[in-house]
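Chemist: based on what follows, work out the 3D shape:
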Amino acid sequence: MFDNLLIAVKANISTIRSIIKTNEKMREIDFENVSLYTEETKTILMNIFQDIPDKNNSRVYDQCAVVTRLYAIYESFVEDLIRDWLILLPSLYPDYSDLDSKIRNTHKNGVGRLLQEIQDEEENDEDKSQENKRYSHLSIEKVVQGLFDGKTGKHNYQLLPDAFLFHQQNLREGTLGKLLADAGIDKTGSWLVNHRDIKNFLKEIRGNQTTLEKELNILISYRNDAAHSTKTEDWLGFKPLLELCDFVESLCQALTELVTHQVLDHKKLIGQAQEIGRITRWYDQIQVAVLKPSDNCLLSVGGSLFLVGDSYCQLAKIESIRNQDNESINEIETTPGMEVKLKFDIDARKNLCLYQLIT
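Modeler: As a prediction, the model looks like this:
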């Protein structure tokens, strides 16, 4: 549902990792014994490194670039995730009055604030071009239209994302949780701390000597120092910068699964998704699950299912199916009580519930 956002995050972070590794390798080459190279190679290296800064200064600039970019990726991802969630909500709740009261209150208050912001821009920024105005893309009509349509019972109402994205502070854990909760995305804290990627990072990288909250505060602290300070006494080395990349990627993965899970919950309530069974055995080496169906459904090779558990929600593609006689088949109509072997394109685990969208 939100795969494109996550793919973009991973691509951006992969680029950062490559730059970190490349810069570190360049520093290593610069300080190696150049006598080992041919004269031609020495000349090339001298041309490359004649203006290179010393190791410490270059690492300071690496850190400033990395932490600034990582925080921007994280904050933009959160805002885009909320936008996409809000675009989906009217299809899950055709009647505006059925939305949670917190969502409706945030929408109403946000519309009021946007109207004030637009008025302030018109009164105080007359000398600025439209491109330099933060809300130049919005008109008063567009801001109030979704609220008017919702309040008057129109079924194709829209929730304006700008009305939900006001935040003056950095997205620390508390601010992140509130921003998501005001848009109707609940249980953020418990989901994140129990997500497998976050837990693995805190255990394997940090040795359980820290918390999600502390790690996020550290990233934001480094980012603020990079933006507002010129001190160069302390800098992060090659490995810690790569670890920050891992942390942000894990956090975005966990948030994606959280919102996907909440969409799936809503779809189940309105009959757009059904739970079809549970994984009773999981063969990790061959990525095969034994499914015990709890309902009738049609499963096909190439089709997809959502795998759902505690702080776990991923879309899995079915690569192969074997029936109770261990015969390879292209599709099967399941019935409660039978056993089916499914090979997925991702890792899974025992006791995950399987959901299928109903179209």
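Chemist: which ones are touching residue 225?
Modeler: For residue 225, the contact set (Cβ atoms under 8 Å, 6 or more residues apart in numbering) comprises residue 231. (C-beta placed from N, C-alpha, C; glycine too.)
Chemist: that one should be in a helix, yeah?
Modeler: Yes: applying DSSP: H, G, I helix; E, B strand; the rest coil, one finds residue 225 inside a helix.
Chemist: quick one: mean pLDDT over stretch 282-302.
Modeler: Rounded to a whole number, the mean pLDDT of stretch 282-302 is 92.
Chemist: please renumber so the chain begins at 319
Modeler: Got it, first residue is 319 now, which makes that one stretch 600-620.
Chemist: list the buried residues of that stretch.
Modeler: Neighbour-count burial for stretch 600-620 flags 600, 605, 606, 607, 608, 609, 610, 611, 612, 615, 617, 619 (criterion: 16 or more other Cβ atoms under 10 Å).
Chemist: do you know how far the third one is from residue 598?
Modeler: Residue 606 is 12 Å from residue 598, where distance means Cβ to Cβ, to the nearest Å.
Chemist: coming back round to it: from the buried residues of stretch 600-620, which single one is nearest residue 403?
Modeler: Taking Cβ to Cβ as the measure, residue 615 is the one of those closest to residue 403, at 26.8 Å.
Chemist: without its sequence neighbours, what residue ends up closest to that closest one?
Modeler: Nearest non-adjacent residue to residue 615, counting by Cβ to Cβ, 6 or more residues apart in numbering: residue 594, 4.6 Å away.
Chemist: helix or strand next in line after the host helix or strand of the one you found, which one?
Modeler: According to DSSP states H and E, residue 594 maps onto strand 591-601. Using DSSP H and E, the helix or strand that follows strand 591-601 towards the C-terminus is strand 606-611.
Chemist: return the helix or strand in the protein with minimum mean pLDDT.
Modeler: When each helix and strand of the chain is scored by mean pLDDT, DSSP states H and E, helix 357-367 comes last, with a mean of 75.
Chemist: just checking, what packs against the helix or strand that that helix is followed by?
Modeler: Sequence order places helix 373-410 as the next helix or strand after helix 357-367, per DSSP H and E. Contact analysis of helix 373-410 by 3 or more Cβ pairs under 8 Å, 6 or more residues apart in numbering; DSSP states H and E lists helix 321-348, helix 491-500, helix 530-546, helix 556-587 as its packing neighbours.
Chemist: the helix or strand just after helix 373-410 to helix 491-500, inter-axis angle?
Modeler: Helices and strands here follow DSSP H and E; after helix 373-410, the next one along the chain is helix 419-442. Counting by axes from the mean of the first three to the mean of the last three Cα atoms, to 10 degrees, helix 419-442 lies at 100 degrees to helix 491-500.
Chemist: which other helices and strands contact helix 419-442?
Modeler: helix 458-469, helix 491-500.
Chemist: and if we set it to 10 Å?
Modeler: For helix 419-442, the elements it packs on are helix 373-410, helix 458-469, helix 491-500, judged by 3 or more Cβ pairs under 10 Å, 6 or more residues apart in numbering; DSSP states H and E.
Chemist: tabulate the CA atom coordinates of that helix in CSV.
Modeler: Output in CSV follows, covering the C-alpha atoms of helix 419-442 (Å, rounded to 0.1, in the frame of the first residue of the first chain):
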residue,chain,number,x,y,z
SER,A,419,-13.6,12.2,16.5
LYS,A,420,-9.9,12.9,16.9
ILE,A,421,-9.5,12.9,13.1
ARG,A,422,-12.5,15.2,12.6
ASN,A,423,-11.2,17.6,15.3
THR,A,424,-7.7,17.7,13.8
HIS,A,425,-9.2,18.3,10.4
LYS,A,426,-11.5,21.1,11.6
ASN,A,427,-8.8,22.8,13.7
GLY,A,428,-6.3,22.4,10.8
VAL,A,429,-8.6,24.0,8.3
GLY,A,430,-9.0,27.0,10.6
ARG,A,431,-5.3,27.3,11.1
LEU,A,432,-4.7,27.1,7.3
LEU,A,433,-7.2,29.8,6.6
GLN,A,434,-5.3,32.0,9.1
GLU,A,435,-2.0,31.2,7.6
ILE,A,436,-3.2,32.0,4.1
GLN,A,437,-4.6,35.3,5.3
ASP,A,438,-1.3,36.2,7.0
GLU,A,439,0.6,35.4,3.8
GLU,A,440,-1.7,37.6,1.8
GLU,A,441,-1.4,40.5,4.3
ASN,A,442,2.3,40.3,5.2
